[in-house]
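A.B. asks: predicted model and sequence below, questions to follow.
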Amino acid sequence: MRAPLLSVSEVSKTFAGRRPLEALRHVSLRVESGDFVSIVGPSGCGKSTLFNLIAGIETPSTGQISLRGETDPDARRLSCGYMFQKDLLFPWRSVIDNAALGLEVAGACSRSEARERARALLPRFGLAGFESSRPAELSGGMRQRVALLRTLLLQRPLLLLDEPFASLDALTRRELQDWLRDTWRSGSEAALLVTHDVREAVYLSDRVYVMSPRPGSIVAEITVRRERGAQPNALELARCEEQVMAALRLEAVPQ
Amino acid sequence: MKADPLGSASQNHDQYLWRSIAERAASFTLAAGPPLAVLVALFGAWEIYVSASGINAVTLPAPSRIFDAAVLNRDLLWTHSLVTLKETVLGLFVSIVLGIALALLIDAFAPARRALYPLLVGSQTIPVVVIAPLLILWFGFELTPKIVVVTLYTFFPITVAFASGLAAADPEALTLMRLLGARRWQTLALLQVPQALPYLFTGLRIAVTYAMVGAVFAEWSGAREGLGIYVLLMKNSFRTDMVFAAVFLIALLSLALFVMVGLIEKLVVRWR
């Protein structure tokens, strides 16, 4: 069997301090190439900490993380495309220059070539004609699409999505979810999404992990699509949502 | 008029242009109107008081007399103004370079911040009034002591404003730069410096209001030309009207510098 793209095994994280904070306890998960995987959990369960550990900007207290066989945090960092809840677009840069920021920083190509590559993808991201607009002139949904373009242009193998749609209104959110499902593969091999929106997780994912409140640990794994690209009907989706909700409820009860 | 294919288009354009000019004039009037009205009222009261009380013109000249004297001596005022303006602008320029350099240093090294910050604050407690004569002693009657005094007056707000701008970058944006694999200088050039520019201009606006006062004061302590020494000479020869004329001119020129900084800011910080 091939090694998974990402494997997290028995990872715990405790933040040192006068009152040490245990954020994660024995978390294990894996993401295969081609997978779209979600992690659902209540607010403050350490989802973002897990992402920072995977992306190598924090180090786990115990446990192993391996991304494409790399355990070195710096190498892992450059294999991850990260998207935040905030779009983090720079207001002084035009849409095209914001999208090209990652390429420009990487220095793999000239600034004009970086722009050229970003420009070629604008229509697919619904941004045709907006290349010289400033972020302040765009809607929230468009801004998130620019942020995703900035991430996908880097062609990093693993896409980490940290509640990217949480600040959008319901209609825009659904629209972007559909669009993300069709687009993410153009830049990445696999995607990992953290969210507290059960419906979003089930709708987009092949598999869903459920996390407990702090200290976060994986309490359930629900397979939504057994075959890649399968489109479950509404009934199957509803059943999966029910399973996720049940796992979350079990965990919400204080022991 | 003959048929002109471009006629209507250019007429539209003209109309648009005129409307935008008219709108700007209206908004300017709206902003400048109240302070101007107060000013006119004050000068009116002053004028009436002087003519009603029959007060000596050396003690308090009427605004009309000040105005007449200024117009009569406009060439002289202009020559001295140019000298003072030059000192002010050069001093500001040194302040900007120094302030930006210090702020970058403070931002880059925590030890530098700990070592420099108390000294910077301390430098602001130096009574410039006392050391200006010393500067004349060290650097002579030429340009240098004026530039030093203007710099002493103005580099602090510029340094502090730019340093706090550099430090005000969104932590998540800094994380984003790390995740993109940015080096230290890339984070500085692509994120911190652009987002600190509005801060820099805030500091510069404060600095510009002090700058001219600094230059005038340095001249007062010893100079051959400039509004500062001119005011001193006029005072000693009991030309109170010319003292007032020079003072009003200094205020006007400071205001003009302030407005100019605002215009430059509009050009540089376009995303606001």
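C.D. replies: Received, thanks.
A.B. asks: tell me which helix or strand residue A:236 sits in.
C.D. replies: Residue A:236 is part of helix A:234-252, with elements assigned from DSSP states H and E.
A.B. asks: please save the CA atoms from that helix in PDB.
C.D. replies: Extracted C-alpha coordinates of helix A:234-252, given in PDB (Å, rounded to 0.1, in the frame of the first residue of the first chain):
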ATOM      1  CA  ALA A 234     -29.700  13.900  -0.500                       C
ATOM      2  CA  LEU A 235     -30.800  11.000   1.700                       C
ATOM      3  CA  GLU A 236     -27.300   9.700   2.000                       C
ATOM      4  CA  LEU A 237     -25.900  13.100   2.700                       C
ATOM      5  CA  ALA A 238     -28.500  13.600   5.400                       C
ATOM      6  CA  ARG A 239     -27.600  10.300   7.000                       C
ATOM      7  CA  CYS A 240     -24.000  11.300   7.100                       C
ATOM      8  CA  GLU A 241     -24.800  14.600   8.600                       C
ATOM      9  CA  GLU A 242     -26.900  12.800  11.300                       C
ATOM     10  CA  GLN A 243     -23.900  10.600  12.100                       C
ATOM     11  CA  VAL A 244     -21.600  13.600  12.500                       C
ATOM     12  CA  MET A 245     -24.100  15.400  14.600                       C
ATOM     13  CA  ALA A 246     -24.500  12.300  16.800                       C
ATOM     14  CA  ALA A 247     -20.800  12.000  17.300                       C
ATOM     15  CA  LEU A 248     -20.600  15.700  18.200                       C
ATOM     16  CA  ARG A 249     -23.500  15.400  20.700                       C
ATOM     17  CA  LEU A 250     -21.900  12.500  22.400                       C
ATOM     18  CA  GLU A 251     -18.800  14.500  22.900                       C
ATOM     19  CA  ALA A 252     -20.500  17.700  24.000                       C
END
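A.B. asks: for that helix, buried residues please.
C.D. replies: Within helix A:234-252, the residues that qualify as buried are A:237, A:240, A:241, A:243, A:244, A:247, A:248, A:251, counting by 16 or more other Cβ atoms under 10 Å in any protein chain shown. For every residue, glycine as well, the C-beta is placed using N, CA and C.
A.B. asks: quick one: contacts for the last one?
C.D. replies: Residues near residue A:251 by Cβ atoms under 8 Å, 6 or more residues apart in numbering or on different chains: A:42, A:210, A:212, A:213, A:219.
A.B. asks: now do residue B:98 against residue B:124, distance only.
C.D. replies: 14 Å (Cβ to Cβ, to the nearest Å).
A.B. asks: now residue A:193
C.D. replies: Taking Cβ to Cβ, one finds residue A:193 at 52 Å from residue B:124.
A.B. asks: more neighbours: which of those two?
C.D. replies: Taking neighbours as other Cβ atoms under 10 Å in any protein chain shown, residue A:193 and residue B:124 compare with residue A:193 leading, 27 against 13.
A.B. asks: that one contacts residue A:35, doesn't it?
C.D. replies: No - assessed by Cβ atoms under 8 Å, residue A:193 is found out of contact with residue A:35, at 10.8 Å.
A.B. asks: tell me what the host helix or strand of residue A:220 is packed against?
C.D. replies: Assigning secondary structure by DSSP H and E places residue A:220 in strand A:218-223. Secondary-structure packing of strand A:218-223 (3 or more Cβ pairs under 8 Å, 6 or more residues apart in numbering or on different chains; DSSP states H and E): strand A:21-31, strand A:207-211, helix A:234-252.
A.B. asks: just checking: what are the partner strands of it?
C.D. replies: Here strand A:218-223 is paired, per DSSP bridges, with strand A:207-211 (antiparallel).
A.B. asks: let me know the angle separating the strand it pairs with from strand A:21-31.
C.D. replies: 170 degrees (axes from the mean of the first three to the mean of the last three Cα atoms, to 10 degrees).
A.B. asks: not counting its own residues, what contacts strand A:207-211?
C.D. replies: A:27, A:29, A:35, A:37-42, A:45-47, A:201-202, A:217-225, A:240, A:244, A:247-248, A:251.
A.B. asks: just the buried residues of those residues.
C.D. replies: The neighbour count (16+ other Cβ under 10 Å) marks A:27, A:29, A:35, A:37-42, A:45-47, A:201-202, A:217-218, A:220, A:222, A:224-225, A:240, A:244, A:247-248, A:251 as buried among these.
A.B. asks: can you list the residues of chain A near chain B?
C.D. replies: Those residues of chain A that sit near chain B, judged by Cβ under 8 Å from any Cβ of the partner chain, are A:55, A:57, A:77-78, A:80, A:82, A:84, A:86, A:88, A:90-92, A:101-102, A:104-106, A:134, A:136, A:154.
A.B. asks: pLDDT score assigned to residue 49?
C.D. replies: All of this refers to chain A. Looking at residue A:49, its pLDDT reads 88.
A.B. asks: wait, chain B was what I had in mind.
C.D. replies: 95.
A.B. asks: ok, it - contacts?
C.D. replies: By Cβ under 8 Å, 6+ apart, the contact set of residue B:49 is residue B:55.
A.B. asks: that one: which element?
C.D. replies: Judged by DSSP H and E, residue B:49 forms part of helix B:7-53.
A.B. asks: immediately after that helix, which helix or strand?
C.D. replies: helix B:63-72.
A.B. asks: chain A contacts on the stretch 151-272 of chain B?
C.D. replies: Checking the stretch 151-272 of chain B against chain A by Cβ under 8 Å from any Cβ, the hits are B:170, B:172-173, B:175-182, B:186, B:190-191, B:194-195, B:197, B:269-272.
A.B. asks: recalculate using a threshold of 6 Å.
C.D. replies: Applying Cβ under 6 Å from any Cβ of the partner chain, we find that the stretch 151-272 of chain B lies next to chain A at B:172, B:173, B:176, B:179, B:180, B:181, B:182, B:186, B:194, B:271.
A.B. asks: can you check the distance spanned by stretch A:57-74, start to finish?
C.D. replies: The first and last residues of stretch A:57-74 sit 8 Å apart, counting by Cα to Cα, to the nearest Å.
A.B. asks: what comes up buried for that stretch?
C.D. replies: Buried positions in stretch A:57-74, judged by neighbour count with 16+ other Cβ under 10 Å: A:57, A:58, A:60, A:61, A:63, A:65, A:66, A:67, A:73.
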